[in-house]
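Participant: Let me see the structure of the following:
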Amino acid sequence: MVARRVAMVVPDLAVGGLQGMACGLALALDRRDYEPVFYSFDGEGPNKSVLEQAQVVCNFIPRKHGVDASYARELAGRFIKDRIELVHCHNVTALFHGARAAWRAHRLPSLFTEHDREMPAPWRHRILHRWLGRRVSRTVAVSEQLRRDLVKFEGFSESQTGCLMNGIPDPAISFSGTRAEARTELGWGDEPVVLAVGSCTSVKNHAGFLRVFSDLHARMDGHVRFILAGDGPLRGELEAQAESEGMKEAVTFLGSRDDVPRLLSGSNVFVLPSHREGLPLSLVEAHAMGRPSVAYAVGGNPEVIHDGETGALVNARDESGFADALEAILLNPVQQQAMGEAGRARYLELFTHERMVSAYVTLYESLLLQEAG
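Facilitator: Next up is the predicted model:
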């Protein structure tokens, strides 16, 4: 049997949640059944080398700036040339190009995964998205909240729009040591550690969390440490903010790291202070490593955190409430342990990579069968 060729349409192959999920899915497919081929339109990135090492073909076909209405014609030609049988679009711009290209390429079946987007969009965009939603064979959102928003705000079909939550490979496989072992390796002391992982961009709201941490730091008489793993355009401003608030010694900026499981193992509590999220894989990873989390109750966060069981959810933008929740968990080691164990159990039930891949393979099979019928 010849493997079916699946087009993965992505903006680029940079480091990010969308790209990580698409690449992880592609690499997990059984090559006897499916052969993934990537098409990016805004750039390439570090994931290209990862894919090419696994002999996955990556095509960068740049589009013009702005709305490039002719791009779908070029992409359709490549689909036909490359003998693509199914098109999987990741994010709404990929939907705009990929779904139209799939239609032009002899009406190939197409799947759209919505990862995260601020809604409601401007009305002109909503009209376009409604039209696109009717050009794609099937839509899935990475959280139930995002699925509801697609139906409510953009007119996606209720019957053709589902929820398929992301999953990640078990991070405990890459680091299975104890907290003490992790801290020894990292050179951390014995004070409670609050960890955040994410790019230094405005949407992640690390500036807001530094205000929260300043409050917490004062409450705990300085006996607490905040560590941020991630880089980005706002890093310099965040470092200056920490210094201006007298927390230079209590806050550590690690930059980009490839040992997040070890960082999580060494921490006490994971925080996600962003004001908008789809289904955050950083939360899933924290729970997989047995760490409780504190986050705002936005987007898909409530679908990962069970408030009071695996961590704490705080009303959006309630910085004082965030500090309260974090302090309560940090001061209760027994609760920390119980929440971490509950989070690990929830990961194993709902967020494993194997579950996600199996669900997508089932979708692929269904769409290809419909096409054959």
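
Participant: so Ser157 touches Val136, yeah?
Facilitator: No. Using C-beta atoms under 8 Å, Ser157 is not in contact with Val136; the gap is 9.7 Å. No exception for glycine: its C-beta is placed from N, CA and C like everyone else's.

Participant: higher neighbour count, these two?
Facilitator: Val136 (23 against 14; other C-beta atoms under 10 Å).

Participant: From Arg4, how far out is the more buried one?
Facilitator: Using C-beta to C-beta, to the nearest Å, Val136 is found at 18 Å from Arg4.

Participant: ditto for Ile305
Facilitator: Taken as C-beta to C-beta, the span from Ile305 to Arg4 is 37 Å.

Participant: mind checking how far the helix ranked longest in the chain is from the chain centre?
Facilitator: Using DSSP state H to assign secondary structure, the helix with the most residues in the chain is helix 353-372. Offset of helix 353-372 from its chain centre (C-alpha atoms, centre = their mean, to the nearest Å): 21 Å.

Participant: Give the rounded mean pLDDT of that helix.
Facilitator: The average pLDDT within helix 353-372 is 93.

Participant: Quick one: list the elements packing against it.
Facilitator: Packing contacts for helix 353-372, counted by 3 or more C-beta pairs under 8 Å, 6 or more residues apart in numbering; DSSP states H and E, involve strand 4-10, helix 17-28, strand 86-90, strand 110-114, strand 138-141.

Participant: That helix to strand 110-114, inter-axis angle?
Facilitator: 150 degrees (axes from the mean of the first three to the mean of the last three C-alpha atoms, to 10 degrees).

Participant: contacts for helix 353-372?
Facilitator: 4, 6, 24-25, 28-30, 33-34, 85-86, 108-111, 137-138, 140, 164-170 (C-beta atoms under 8 Å, 6 or more residues apart in numbering).

Participant: at 6 Å instead, please
Facilitator: Leu25, Ala28, Pro109, Ser137, Leu164, Asn166, Gly167, Ile168, Pro169 (C-beta atoms under 6 Å, 6 or more residues apart in numbering).

Participant: about what we covered before: of Ile305 and Arg4, give the one with the bigger neighbour count.
Facilitator: Ile305 (26 against 16).

Participant: roughly how far apart are the more buried one and Gly77?
Facilitator: From Ile305 to Gly77 the distance is 45 Å (C-beta to C-beta).

Participant: again with Ala250
Facilitator: 57 Å.

Participant: Same drill for the two, tell me which one is more crowded.
Facilitator: Ala250 (21 against 14).

Participant: Let me know the pLDDT of the more buried one.
Facilitator: 96.

Participant: what residues are up against it?
Facilitator: Here Ala250 is in contact with His217, Arg225 (C-beta under 6 Å, 6+ apart).

Participant: and if you look at the one 4 residues further on?
Facilitator: Applying C-beta under 6 Å, 6+ apart, we find Leu254 in contact with Ala229.

Participant: okay, it: pLDDT?
Facilitator: 96.

Participant: Pop out the phi and psi values for it.
Facilitator: phi -90, psi -20 (degrees, to the nearest 10).

Participant: ok, it to Gln53 distance?
Facilitator: Applying C-beta to C-beta, the value for Leu254 to Gln53 is 26 Å.

Participant: now swap in Met1 and tell me
Facilitator: For Met1, the distance to Gln53 equals 26 Å [C-beta to C-beta].

Participant: Comparing the two, which shows the higher neighbour count?
Facilitator: Gln53 (9 against 5).

Participant: give me every residue that touches the more buried one.
Facilitator: Contacts of Gln53 by C-beta under 6 Å, 6+ apart: none found.

Participant: Check Ala286 too.
Facilitator: Leu264, Phe270, Ser293.

Participant: try 10 Å this time
Facilitator: Contacts for Ala286 (C-beta atoms under 10 Å, 6 or more residues apart in numbering) come out as 171, 195-197, 260-261, 264, 267, 269-272, 280, 292-293, 295, 304-305, 310-311, 340, 343-344, 347.

Participant: Phi, psi for it please.
Facilitator: In terms of degrees, to the nearest 10, the main-chain angles of Ala286 are phi -60, psi -40.

Participant: what's the closest non-adjacent residue to it?
Facilitator: Phe270 (3.7 Å; C-beta to C-beta, 6 or more residues apart in numbering).

Participant: Kindly report the same for Arg257.
Facilitator: Once flanking residues are discounted, Arg257 sits nearest to Ala229: 4.6 Å by C-beta to C-beta, 6+ apart.

Participant: which helices and strands does the helix or strand that that neighbour is a member of pack with?
Facilitator: Counting by DSSP states H and E, the element that carries Ala229 is strand 225-229. Counting contacts by 3 or more C-beta pairs under 10 Å, 6 or more residues apart in numbering; DSSP states H and E, strand 225-229 packs against strand 193-197, helix 206-219, helix 235-244, strand 251-255, helix 260-266.
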